[in-house]
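# I'll drop the sequence and a predicted model, then ask my questions.
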Amino acid sequence: MNTIVSMQNTSDQRTDGVRLDVDRIRQDFPILHQQVNGKPLIYLDNAATKQKPRVVIDAVCRYYEKDNANIHRGVHQLSVRATDAFENARRSVQRLLNAARPEEIIFVRSATEAINLVASSFGRSNVGAGDEIVISTMEHHSNIVPWQLLCEQTGARLRVVPINDDGEFMFDEYEALLSPRTKMVAVVHISNALGTVNPIRRIIDSAHRRNIPVLVDGAQAASHLKVDVRELDCDFYALSGHKLYGPTGIGALYGKFDLLNHMPPYQGGGDMILKVSFEKTTYNELPFRFEAGTPNIAGAIGLGAAIEYVQRIGFNDIAAYEAELLDYATKALKAIPEVRLIGTAKEKASVLSFVVEGIHPHDVGTVLDQEGIAVRTGHHCAQPVMKRFGVPAMARASLAFYNTKAEIDELAAGIRKVVEVFA
Amino acid sequence: MSDLSEFYRELILDHNKNPRNRRRLEHADHTAEGFNPLCGDHVTVFVNVEDNVVKEVTFEGTGCAISTASASLMTEILKGKTLDEVKPIFDAFHEMVAGESSAATKPPSLGKLEVFSGVRQYPARVKCATLVWHTLNAALTRQKEIVSTE
């Protein structure tokens, strides 16, 4: 009895420790203040993309209004300013991930492109017939298909770590799959469909004991928790800009310097070369060797602003508040008898996938939309997860630090309405 | 809420709950599979044709209320129609839920299918209503490949 009381006290203290001023934070996001279908917008599709704070929108506008020029060329003032802003954004990503050097940050279009870059460049030079790539059942299609393409091209084989009924990575089965044939482990940090936070440090340690490099798909994770690539000791980390409150069309790949430095170019073009003649081309140094063509300069600058914004709020407070929201939402959905939650891992981010008994997720989504509530419905680009849980599709409410308990109450009321309509 | 009841009309909810002709038709003359990769909807249509008349039409599959009701009502409407009558109904149905014309022209021949007129207000759901019709079309024209909405 005493133990229970003291546990409650601890959890109360933690709740009291959350210092987020959510009302003020909501003022930073212009898009949240609108009506949808005559109701205040309740945006619960944050795992698909985050809304953008004013500082990000302003940074993009300011760049186009004042500094727009091509980078790494030209001596004129605008080009210098644009280059500085772009390279400052690279250092913001470096600080976010605690990478050792800015050259280890490659700007790409998306986390998807980051993974494709590694599969294509590292894969082509390190993977051959009979080799194996290890991924997990909970991967997003973007961490499945690039490896399948590599396997098709090289004759390598994809091995898949199973997940249990709670949607957790099965560690023993993972270790059993690792062998001298394994040339890469590619796993998601936080599952977009299930919310599972994977034991990524242990996964990496285990692979490294066998000298296998590890790519972590951090598309979801970087907005929920502090990522330290040196502490994790991951070899590659794929980052999405727009899921981190930044613009779409920008992402980053972190790679260890020595690995990147030995990888062949991914795409050819301007900026990635030092010297071109028709006989021979000398490639540029890192990170430019992997950044062919004019990049998404405004996007990178917007991402830099987003990172600074999130860091000002602080990952400790974000994680604590999102955990509190998740707990509240889990209880609210569990109280509805017709709802089945899918993804009940012990270590979980603020993602709630669910099905409503006998009602297709699309119908759930349409009824909720009428209430102004945006949720994702469908297979969440993770069809193997749908198959694992025996459903054609799911509804998903994914929460960010600008969401509130009152919004979750509205979600629960909306789901009760769904049940009513289709009773 | 008034909007919602225009979309999920009573007849749609009824056919969703109790779909008619949802069964496999053994030895069907025509059959085709339809798939909507965006939502995972999957439908198979079975048709028996005799003397140019749709003698039997059934379906199997899972989907949302709109796609299930659309399949159920389609089978009800088409049974006994000649093959020549099927195409104009499909065209009129398609025009009603997805057509370009702003005037909600509803040819009288659509009958019960007019319950789907609200679908055009929900562009994201048009494919739910039309998947089974495209699949039927494929079955009748004996296309071998799986029909996809994408």
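Yep, that arrived.
# Can you show me the CA trace of the helix or strand hosting A:Ala114 as CSV?
Following DSSP states H and E, one finds A:Ala114 within helix A:111-117. Output of helix A:111-117 as CSV, limited to C-alpha atoms (Å, rounded to 0.1, in the frame of the first residue of the first chain):
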residue,chain,number,x,y,z
ALA,A,111,14.4,11.1,-44.4
THR,A,112,13.4,8.9,-47.3
GLU,A,113,16.2,10.3,-49.4
ALA,A,114,18.6,10.0,-46.6
ILE,A,115,18.0,6.2,-46.5
ASN,A,116,18.1,6.0,-50.3
LEU,A,117,21.4,7.7,-50.3
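# Now that helix: average pLDDT?
What helix A:111-117 shows for mean pLDDT is 98.
# who are the neighbours of that helix, in terms of helices and strands?
strand A:105-108, helix A:145-154, strand A:214-217, strand A:236-240, strand A:251-255 (3 or more CB pairs under 8 Å, 6 or more residues apart in numbering or on different chains; DSSP states H and E). All C-beta atoms are positioned from the backbone trio N, CA, C, and that covers glycine.
# ok, 7 Å please
When contacts are defined as 3 or more CB pairs under 7 Å, 6 or more residues apart in numbering or on different chains; DSSP states H and E, helix A:111-117 packs onto strand A:214-217, strand A:236-240, strand A:251-255.
# chain center to the helix or strand following the shortest one, what's the gap?
Right, strand A:214-217. Scanning forward in sequence from strand A:214-217 by DSSP H and E, the next helix or strand is helix A:229-232. The chain centroid and the centroid of helix A:229-232 are separated by 17 Å under CA atoms, centre = their mean, to the nearest Å.
# now swap in stretch A:291-300 and tell me
20 Å.
# quick one: contacts of that stretch?
Applying CB atoms under 7 Å, 6 or more residues apart in numbering or on different chains, the external contacts of stretch A:291-300 come out as A:60, A:63-64, A:70-71, A:82, A:86, A:89, A:106-107, A:109, A:241, A:247, A:249-250, A:267-272.
# Go back to the residues you listed and keep what's next to chain B.
Taking CB under 7 Å from any CB of the partner chain as the test, chain B is in contact with none of these.
# Select only the buried ones of the residues you listed in ChimeraX?
With 16 or more other CB atoms under 10 Å in any protein chain shown as the criterion, this ChimeraX line picks the buried residues out of the contacts of stretch A:291-300:
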select /A:60,63,71,82,86,89,106,107,109,241,247,249,250,271,272
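# Make sure I have this right: B:Val119 is in a helix.
Yes: applying DSSP: H, G, I helix; E, B strand; the rest coil, one finds B:Val119 inside a helix.
# And it, how close does it get to chain A?
Taking CB to the nearest CB, to the nearest Å as the measure, B:Val119 falls 10 Å from chain A.
# list the contacts for the spatially closest residue to that residue that is not a sequence neighbour?
Closest residue to B:Val119 apart from its sequence neighbours, by CB to CB, 6 or more residues apart in numbering or on different chains: B:Val97 at 4.4 Å. Neighbouring residues of B:Val97 by CB under 7 Å, 6+ apart: B:116, B:119-120, B:126, B:129-130.
# all helices for chain B, in order.
B:2-7, B:10-17, B:65-78, B:83-98, B:126-140 (DSSP state H).
# Would you mind listing what in chain B touches chain A?
Checking chain B against chain A by CB under 7 Å from any CB, the hits are B:3-4, B:8, B:13, B:38-40, B:62-65, B:122, B:125, B:128.
# Would you mind pulling up the elements that whatever helix or strand A:Val367 lives in packs against?
Element membership of A:Val367 [criterion: DSSP H and E] is helix A:361-370. Secondary-structure packing of helix A:361-370 (3+ CB pairs under 7 Å, 6+ apart): strand A:376-378, strand A:394-398, helix A:405-421, helix B:2-7.
# and the angle for it with helix B:126-140?
Here helix A:361-370 points in a direction 150 degrees away from that of helix B:126-140 (axes from the mean of the first three to the mean of the last three CA atoms, to 10 degrees).
# So which elements touch the helix or strand following helix A:361-370?
Downstream of helix A:361-370, the next assigned helix or strand under DSSP H and E is strand A:373-374. If contacts are counted by 3+ CB pairs under 7 Å, 6+ apart, strand A:373-374 sits against strand A:42-43, helix A:405-421.
# Could you identify which of the ones you listed is most buried?
strand A:42-43 (a mean of 24; mean count of other CB atoms under 10 Å in any protein chain shown).
# Could you check the helix or strand that comes right after that one and say which residues are buried?
Heading C-terminal from strand A:42-43, the first helix or strand you meet, by DSSP H and E, is helix A:54-62. For helix A:54-62, the neighbour count (16+ other CB under 10 Å) marks A:55-57, A:59-60 as buried.
# what does the helix or strand following helix A:54-62 contact?
Next along the chain after helix A:54-62, taking DSSP H and E as the criterion, comes helix A:77-97. For helix A:77-97, the external contacting residues (CB under 7 Å, 6+ apart) are A:63, A:67-73, A:102, A:105, A:107, A:227, A:229, A:237, A:239, A:252, A:254, A:297, A:300-301, A:303-304, A:307-308.
# State the pLDDT value of residue 87.
Picked chain A for this. At A:Glu87, pLDDT is 97.
# right idea, wrong chain: chain B
With respect to pLDDT, B:Lys87 has a value of 90.
# contacting residues for it?
Contacts of B:Lys87 (CB under 7 Å, 6+ apart): none.
# That one and A:Gly167: what is the separation?
47 Å (CB to CB, to the nearest Å).
# That concludes my questions; thank you for your assistance.
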